[in-house]
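K.L.:
Sequence plus the predicted model coming up.
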Amino acid sequence: MDRLKQLFKDKSEQVKQEVRALLKEHGNKKADEVSLRQIFGGMRGVKSMIWETSNLDAIEGIRFRGYNIPQLRELLPAREGDNEPLPEGLFWLMLTGELPTAEDVQWLSSEWEKRGEVPTHTYAMLDALPADTHPMVQFSSAIMSMESESVFSQRYAEGMSKHDYWDATYEDAMNLIAKLPRVAAYIYRKSFHNNEQVDADKSLDWAGNFAHQLGFDDEGFLSLMRLYLTIHADHEGGNASAHTTHLVGSTLSSAYLSLSGGMCSLAGPLHGLANQEVIKFIFEMLEELGTDDPSKEQIADFVQKTLDGGKVIPGYGHAVLRQPDPRFMAQKGFAERNLSDSKIVNVVWNLFEVVPPILEGLGKVKNPWPNVDAHSGALLVHYGLNEYTYYTVLFGVSRALGVLSALCWSRALGFPLERPKSVTLDWVREFVKES
Ligand code: CMX
């Protein structure tokens, strides 16, 4: 058994015993109450699942196993010559709760390199799709098509014991994460570069090799990819892509089917697709104003016009956060360190000044601050990755790290089929009469 798997096994067996004892003693304690507003309002704030890998505070933002993003930049191993954390390290931390050593991370890089081969039928399936198929449709379909490789599904068909579900899910998570950069890069090169594919560079780390296979070898871009794929990885369990992965996984669908479902959620404009919508919004604004350096007054007018058209300002607002998203601030920090003279980045920073007071003025937006998606596109455009319909795939490659390590925990702790209660409007009418 490999060392990461052994560590996960030991940890999860301990936690399983603890949870069993805890539920025996405290299982009937009330942890929450639900209002009608929450039932009608997308279940905001309702405590309803266990998610070990990260936790989101409305003010502080995300913490991965207790560590915030600045701490991760300090504590996770980085590649020699770079300051940004390696996403391999975050996966190790999320799965085990322990910070990895540089050696652990090197082992994980080479393990994913070994497991990275994509089945030929996946390429054939992608080639058969119309050339203009949205990259997220291609990505989700490609993940589903790789289900043929699922160790979990094969072992389940052979009659695997439920005590081994965690083991097969760990294998699926490791194999699937290993394959994602290859298949995601294939989609990019096929969609935007005449299907001229770039071979993997085995000497690189997971994120660096992904950047290389996309066709970018600028050290700055590799560094950005390491940070990008770290900060987008997880945002506790209630967000749509995580929750979908969790829900599909709870039926004992394999990691491939679960992640493919999660990616369909990520592809919505209120969630991950917002990163493409932000840069589209910026490009449209620059075109309409006829400048790449608009004044704050011009930006404010365009924002107002967008709102008057009954549209949202993409990249702003959040269902949980009530402060600027630390993931936005981490990207801003990257830009300050590496590309503060970029015009497109300056537009993003001007939007950061202009948009919040306008949204606050509407009197209904609970969080007027930027989220993760408000910054990412400008950084990518700076390095020449302009094809914005591809951006959500980058988010998805990263999100796999969080939701698949969480799926390993769900299997190890034996979480059941998810099945909340729905009510009818008649039930609500009766309920309000009685109360
Ligand atoms: N622009 C305009 N109006 C906004 C807004 C924005 N950026 N954010 C919220 N509002 C509006 C809502 O549409 C809602 O209006 P109605 O009452 O007329 O329907 C009102 O303000 C209250 O919404 P809220 O409680 O503040 O926000 P929600 O929790 O319902 O929604 C979110 C959160 C993210 C969907 C919303 O802020 C939004 O649509 N933002 C733009 C899209 C975006 O950036 N999504 C990415 C989020 C991060 C991610 O998942 O990747």
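P.N.:
Thanks, I have it. Numbers count the residues shown, from 1 in each chain.
K.L.:
Nearest residue to residue 335 in space, please, no chain neighbours.
P.N.:
residue 345 (4.8 Å; CB to CB, 6 or more residues apart in numbering). In this view, the C-beta of every residue, glycine as well, is placed from N, C-alpha and C.
K.L.:
can I assume the one you found is in contact with residue 382?
P.N.:
Yes - between residue 345 and residue 382 there is a contact under CB atoms under 8 Å: 6.4 Å.
K.L.:
Show the pLDDT at the residue nearest to residue 335.
P.N.:
The model reports residue 345 with a pLDDT of 96.
K.L.:
name the element it belongs to?
P.N.:
helix 343-362 (DSSP states H and E).
K.L.:
So for that helix, what gets flagged as buried?
P.N.:
Buried positions in helix 343-362, judged by neighbour count with 16 or more other CB atoms under 10 Å: 344-352, 354-356, 358-359.
K.L.:
now it: how far from the chain's centre is it?
P.N.:
Centre-to-centre, helix 343-362 and its host chain are 24 Å apart (CA atoms, centre = their mean, to the nearest Å).
K.L.:
For the helix or strand following it, which outside residues touch it?
P.N.:
Using DSSP H and E, the helix or strand that follows helix 343-362 towards the C-terminus is helix 373-382. By CB atoms under 8 Å, 6 or more residues apart in numbering, the surrounding residues in contact with helix 373-382 are 224, 228, 272, 274-279, 282, 314-316, 325, 328, 331-332, 334-335, 339, 342, 344-345, 347-348, 351-352, 386, 388, 391, 394-395.
K.L.:
And for stretch 262-280?
P.N.:
Outside of stretch 262-280, the residues within contact range by CB under 8 Å, 6+ apart are 134, 136-137, 139-140, 143, 239-245, 248, 312, 314-315, 371-374, 376-378, 380-381, 388-392, 394-396, 399, 403.
K.L.:
at 7 Å instead, please
P.N.:
Contact with stretch 262-280 is made by 136, 139-140, 143, 240-242, 244-245, 314-315, 373-374, 376-377, 381, 388-389, 391-392, 395-396, 399, 403, as judged by CB atoms under 7 Å, 6 or more residues apart in numbering.
K.L.:
Can you say which of those are also within reach of the ligand?
P.N.:
By CB under 6 Å from any ligand atom, the members of the contacts of stretch 262-280 lying near the ligand are 314, 315, 373.
K.L.:
quick one: residue 185 and the ligand, what's the gap?
P.N.:
22 Å (CB to the nearest ligand atom, to the nearest Å).
K.L.:
burial of that residue, as a residue count?
P.N.:
Neighbour count for residue 185, taken as other CB atoms under 10 Å: 22.
K.L.:
Pull the number of nearby residues for residue 84.
P.N.:
Neighbour count for residue 84, taken as other CB under 10 Å: 24.
K.L.:
Name all residues that make contact with it.
P.N.:
Counting by CB under 7 Å, 6+ apart, the residues that residue 84 touches are 73, 78, 223, 226, 227.
K.L.:
Which helix or which strand is home to the first one?
P.N.:
For residue 73, the element it lies in under DSSP H and E is helix 69-75.
K.L.:
Mind giving me the packing neighbours of the helix or strand following that helix?
P.N.:
As assigned by DSSP H and E, the chain's next helix or strand after helix 69-75 is helix 87-96. Here helix 87-96 touches helix 3-26, strand 61-64, helix 102-114, helix 206-214, helix 219-231, helix 391-412, going by 3 or more CB pairs under 7 Å, 6 or more residues apart in numbering; DSSP states H and E.
K.L.:
Moving along the chain from the fifth one, name the first helix or strand you hit.
P.N.:
By that I understand helix 219-231. Next helix or strand after helix 219-231 toward the C-terminus (DSSP H and E): helix 240-249.
K.L.:
do the first one as well
P.N.:
Next in sequence after helix 3-26, counting helices and strands by DSSP H and E, comes helix 36-40.
K.L.:
Can you list the strands that the next helix or strand after that following helix pairs with?
P.N.:
Under the assignment DSSP H and E, the closest C-terminal helix or strand after helix 36-40 is strand 54-57. Within its sheet, strand 54-57 is paired with strand 61-64 (antiparallel), according to DSSP bridges.
K.L.:
Tell me which residues are up against the partner strand.
P.N.:
Outside of strand 61-64, the residues within contact range by CB under 7 Å, 6+ apart are 53-56, 68, 72, 90, 93-94, 234-235, 321, 323, 325-327.
K.L.:
Quick check, the residue in the stretch 301-435 of the chain closest to the ligand?
P.N.:
Nearest residue of the stretch 301-435 of the chain to the ligand: residue 317, at 2.1 Å (CB to the nearest ligand atom).
K.L.:
Longest helix in the chain, please.
P.N.:
In the chain, ranked by residue count with DSSP state H as the criterion, the top helix is helix 165-192.
K.L.:
any idea how far residue 321 is from the closest residue to the ligand within the stretch 101-250 of the chain?
P.N.:
Closest residue of the stretch 101-250 of the chain to the ligand, CB to the nearest ligand atom: residue 239 (5.9 Å). For residue 239, the distance to residue 321 equals 11 Å [CB to CB, to the nearest Å].
K.L.:
Then residue 414?
P.N.:
Using CB to CB, which is the criterion applied here, residue 414 is 32 Å from residue 321.
K.L.:
Looking at those two now, which is surrounded by more residues?
P.N.:
The residue with more neighbours, out of residue 414 and residue 321, is residue 321; 25 against 13, by other CB under 10 Å.
K.L.:
In contact with that one: list those residues for me.
P.N.:
Counting by CB under 7 Å, 6+ apart, residue 321 makes contact with 58, 61, 367, 369, 371.
K.L.:
same thing but at 8 Å, please
P.N.:
By CB under 8 Å, 6+ apart, the residues touching residue 321 are 56, 58, 61, 367, 369, 371.
K.L.:
So which bits of the stretch 201-350 of the chain are right by the ligand?
P.N.:
239, 270-272, 274, 312-319.
K.L.:
Now, those that are in helices?
P.N.:
Using DSSP H, the members of those that fall in helices are residue 274.
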